[in-house]
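K.L.:
Build me a model from this:
(chains A, B and C)
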Amino acid sequence: MISPAGPSLASALAALLVRDLRLAVRIGGGALMGVLFFLAVVTLVPFAVGPDLALLRRIGPAMLWLGALLANLLALDRLLASDYEDGSLDLLLLARPPLELALAVKAAAQWLATGLPLVLAAPLLGLLLDIEPAAMGAVALTLLAGTPALTFIGLVGAGLAVTLRRGGLLLPILVLPLAVPVLIFGVSASNAAVVGPVPFGPPFMILCALTLVGLVVGPFAAAAALRHGME
Amino acid sequence: MELVADRLRCVRGGREVFAGIGFRVRAGEALVVTGPNGAGKSSLLRALAGLVRLAEGQAALLGADPELTLAEQAHFVGHLDPVKPSLTVAENLAFWARFYGGVQGRDVHDSLAAVGLGGLAHLPAAYLSAGQRRRLSLARLVAVGRPVWLLDEPTAALDAAAHARFAGLMREHLGRGGLIVVATHVPLGLEGAQALRLGEAP
Amino acid sequence: MALIDLANPTRFLAFAERALPWLAGAAAAAFAAGLYLAWFVAPDDYQQGATVKIMFVHVPAAWLGMAAWALMSLAALGTLVWRHPLADVAARSAAPIGAAFTFLCLVTGALWGRPMWGAYWVWDARLTSMLVLFLMYLGLLALWRAVEDPARAGRLVAVLTLVGAINLPIIKFSVDWWNTLHQPASVFRLGGPTIDPSLLWPLMVMALAFTLLFAVVQLAAMRNEILRRRVRALRIMQAQAAQRA
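P.N.:
Next up, the predicted model:
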């Protein structure tokens, strides 16, 4: 007789994390696409505003944040879509680990594969915009604290859009307004570090708070969206 | 253990797909669902798996762990094969085996051998044919023990040999006291199975 | 052996095995000579001091970064027009090498620029064009990686390569125009318009050394790519054989 035994939740979630990271780095995976896009966006800025280093230094943190935001958005489309298209999402819904946790793990894997490289690439791109090393450290720190919020907010958008035809086009429209607070506090913390005289602490703390809220709200909202959207 | 469904009714997009469906499937029994295209076979299976909302009625697994829902004790095989082309055959199966957890059935290599993919464990799944992908998908049922199998056209894309092998796996599952609800167009070789015909009277 | 015989991958593999040691030896010799000339013979610049010696790496890297795209464009024609079996192997192998040389050019340019401009990067027209070239290489590599079947990827990449070949001069022109628009010609130009013969000779030897290095890496990469495709074909055959069994 077959009897259900206690599944190991941690082992199941670890398996999901490893699988998603493997998929991101294998052929056809999107791990480095975000960084490429980030580089392209940052490179385009001087063509639009001119190569004046003083100006670039001033707007640099904002440009890095915008670039990171857009690069993050670009990768969101595939966060749930590939699992939806091949039926994996059905099976994730049926499995014993709660869907909320599974989605949180998927978003974490997505951030490790696409968000973290952006944080690591930012200092290099900071060279292109002539941002000083200390200020660049601060910008990288704000990106480290803020990009998880973008991914987890994006998770909600991905959950809403995935079951729709042409959802990929809908996704940015849904997610961009939700990302406004993250952008505001990310850029103001970065600017505080670059030009002063406003203190770095308060906006940075709010940014961290936004990320924590995202970590909690994102998976629940996305799971609710999926449960209602799947047919 | 007994799967009981009572007065199931399903509405999708404002259209009633089926209504008043009821059945009981006991341990070791199979229910074969047949019917023309669009009669609601897939909807019925997805509803049993909890993937589609039921407008009325309910389905439950009696005599099993009350902590778990029917879906959590069921394997669902739909039209799609959840196979990632860039992972190897073994990695694909090992993931689902670990993610589903619960009772470990046979290990990954035995399960692959059971569906006839024994020698291909290390190959990227991208190289598999449609039939081989389906067999990889079915290997999940062997690798993780769950009492209820919900199968939607499981043998589509399978050739005669693979078909016969899978019929053997189904009989083995029933012999161990499992339950199967299967939608199909073709005879599966399950003797003594109950039959449910959908969309009989328009 | 006629060139056409090399079209056969097996012949090519045999040729590569024989040619590689010789080419590698020639590259090593050219590098020894070039580095000796660059270190000990070429004079320091009266303005830039010893930093001018970065030029001996920077300029050949820039040339080869561009030459690799030219080679890929020829290979792209070979893929699309003549359907040559080795053409997309050559393109596949040249792309990362060209990207690496372009990246080397950018890094050495930044290192050179630091003492000159006081910043690692200024949006100088030549460097900026190389940066755009680098972006195009990365896009190309991303396209190679996105498609599993190498033959199909080869055809798609060939289209992008040719579009790039047409676009690169336009990009170069636009960047020059953009740059002069914003910055009058007072900027220091890397490489300079005129070059003293005492610097020119070491530069030419280094360029030869880099070209030989390119040839060595390219041949080795093509050999590896052919072997990689054979492994892939064997594995697909294995999957098919299992299907029939």
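
K.L.:
Now for the residue nearest the centre of chain A: which residues touch it?
P.N.:
In chain A, the centroid-proximal residue (Cα atoms, centre = their mean) is residue A:151; its distance is 2.9 Å. For residue A:151, the contact set (Cβ atoms under 8 Å, 6 or more residues apart in numbering or on different chains) comprises A:72, A:76, A:107, A:110, A:111, A:114, A:115, A:214. C-betas here are computed from N, CA, C, even on glycine.

K.L.:
need the residues of chain A near chain C, please.
P.N.:
A:27-28, A:32-33, A:36, A:39-40, A:43, A:46-47, A:50-53, A:127-128, A:130 (Cβ under 8 Å from any Cβ of the partner chain).

K.L.:
quick one: the strands in chain B?
P.N.:
Counting by DSSP state E, one finds strands in chain B at the ranges B:2-12, B:15-26, B:30-34, B:56-62, B:74-77, B:103-104, B:144-145, B:148-152, B:179-183, B:194-197.

K.L.:
In terms of mean pLDDT, which of those ranks lowest?
P.N.:
In terms of average pLDDT, strand B:103-104 trails the rest of the strands of chain B, at a mean of 62.

K.L.:
export the contacts of residue A:151 to CSV and tack on pLDDT?
P.N.:
Converted to CSV, those look like this (pLDDT from 0 to 100):
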residue, pLDDT
A:72, 89
A:76, 86
A:107, 93
A:110, 91
A:111, 92
A:114, 89
A:115, 89
A:214, 89
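
K.L.:
what mean pLDDT would you report for stretch A:18-36?
P.N.:
83.

K.L.:
mind checking how far it is from the chain centre?
P.N.:
14 Å (Cα atoms, centre = their mean, to the nearest Å).

K.L.:
Enumerate the positions of it that are buried.
P.N.:
Judged by neighbour count (16 or more other Cβ atoms under 10 Å in any protein chain shown), stretch A:18-36 contains these buried residues: A:19-24, A:26, A:28-36.

K.L.:
Then stretch C:135-155?
P.N.:
Buried, per 16+ other Cβ under 10 Å, within stretch C:135-155: C:135-141, C:143-145, C:147-148, C:150, C:153-154.

K.L.:
end to end, how far does that stretch reach?
P.N.:
Stretch C:135-155 has an end-to-end distance of 20 Å (criterion: Cα to Cα, to the nearest Å).

K.L.:
on that earlier part again, closest one to residue B:71 out of the contacts of residue A:151, please.
P.N.:
Of all those, residue B:71 sits closest to residue A:107, with 23.0 Å by Cβ to Cβ.

K.L.:
secondary structure element for the closest residue to that closest one other than its chain neighbours?
P.N.:
Leaving aside its sequence neighbours, residue A:107 sits nearest to residue A:155 (Cβ to Cβ, 6 or more residues apart in numbering or on different chains; 4.5 Å). Using DSSP states H and E, residue A:155 sits within helix A:133-161.

K.L.:
Verify the contact between residue C:218 and residue C:94 for me.
P.N.:
Yes. Proximity of residue C:218 to residue C:94 meets the contact threshold set by Cβ atoms under 8 Å, at 6.0 Å.

K.L.:
Same drill for these two, tell me which one is more crowded.
P.N.:
Counted by other Cβ atoms under 10 Å in any protein chain shown, residue C:218 and residue C:94 do not tie: residue C:94 has more neighbours, with 26 against 19.

K.L.:
To residue B:132, which of the strands of chain B lies closest?
P.N.:
Nearest of those (Cβ to Cβ): strand B:74-77, 15.1 Å.

K.L.:
Leaving out chain neighbours, which residue sits closest to residue 61?
P.N.:
No chain was given, so I picked chain A. residue A:190 (3.6 Å).

K.L.:
wrong one, I was asking about chain B
P.N.:
residue B:70 (4.9 Å).

K.L.:
For that neighbour, grab phi and psi.
P.N.:
phi -60, psi -40 (degrees, to the nearest 10).

K.L.:
Contact partners for it?
P.N.:
Contacts of residue B:70 (Cβ under 8 Å, 6+ apart): B:3, B:48, B:49, B:50, B:59, B:60, B:61, B:148.

K.L.:
Tabulate these (a markdown table), appending neighbour count.
P.N.:
A markdown table is the format used below for the contacts of residue B:70 (neighbours: other Cβ atoms under 10 Å in any protein chain shown):
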| residue | neighbour count |
| --- | --- |
| B:3 | 27 |
| B:48 | 22 |
| B:49 | 25 |
| B:50 | 21 |
| B:59 | 21 |
| B:60 | 13 |
| B:61 | 23 |
| B:148 | 25 |
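
K.L.:
which one of those residues is nearest residue A:179?
P.N.:
Once Cβ to Cβ is applied, the member of those that ends up nearest residue A:179 is residue B:50, at 32.6 Å.

K.L.:
That closest one reaches residue B:61, doesn't it?
P.N.:
No. Using Cβ under 8 Å as the test, residue B:50 is too far from residue B:61 to be in contact (11.8 Å).

K.L.:
Helices of chain C, residue ranges please.
P.N.:
C:9-36, C:55-77, C:87-117, C:125-146, C:150-182, C:197-244 (DSSP state H).

K.L.:
Quick one: closest of the ones you listed to residue B:126.
P.N.:
It is, among the helices of chain C and with distance given as Cβ to Cβ, helix C:197-244, at 9.0 Å.

K.L.:
you'd agree residue B:9 is up against residue B:58?
P.N.:
No. Residue B:9 lies out of contact with residue B:58 (Cβ under 8 Å); the separation is 10.6 Å.

K.L.:
So which of these two has more stuff around it?
P.N.:
residue B:9 (15 against 11).

K.L.:
Show me the beta-bridge partners of that one.
P.N.:
residue B:56 (DSSP bridges).

K.L.:
Against residue C:171, how distant is whatever residue of chain C ends up closest to chain A?
P.N.:
Proximity to chain A, evaluated over chain C using Cβ to the nearest Cβ, is greatest for residue C:123 at 3.2 Å. Going from residue C:123 to residue C:171 by Cβ to Cβ, to the nearest Å gives 14 Å.

K.L.:
do residue A:39 as well
P.N.:
For residue A:39, the distance to residue C:171 - Cβ to Cβ - is 16 Å.

K.L.:
which of those two has more neighbours?
P.N.:
residue A:39 (20 against 16).

K.L.:
interface residues of chain C facing chain A?
P.N.:
So chain C meets chain A at C:110, C:119-123, C:128, C:131-132, C:135, C:138-139, C:142, C:145-148, C:175, C:178-179, C:181-183 (Cβ under 8 Å from any Cβ).

K.L.:
hmm, 6 Å instead?
P.N.:
Residues of chain C lying close to chain A (Cβ under 6 Å from any Cβ of the partner chain) are C:119, C:120, C:121, C:123, C:135, C:138, C:145, C:146, C:148, C:182.
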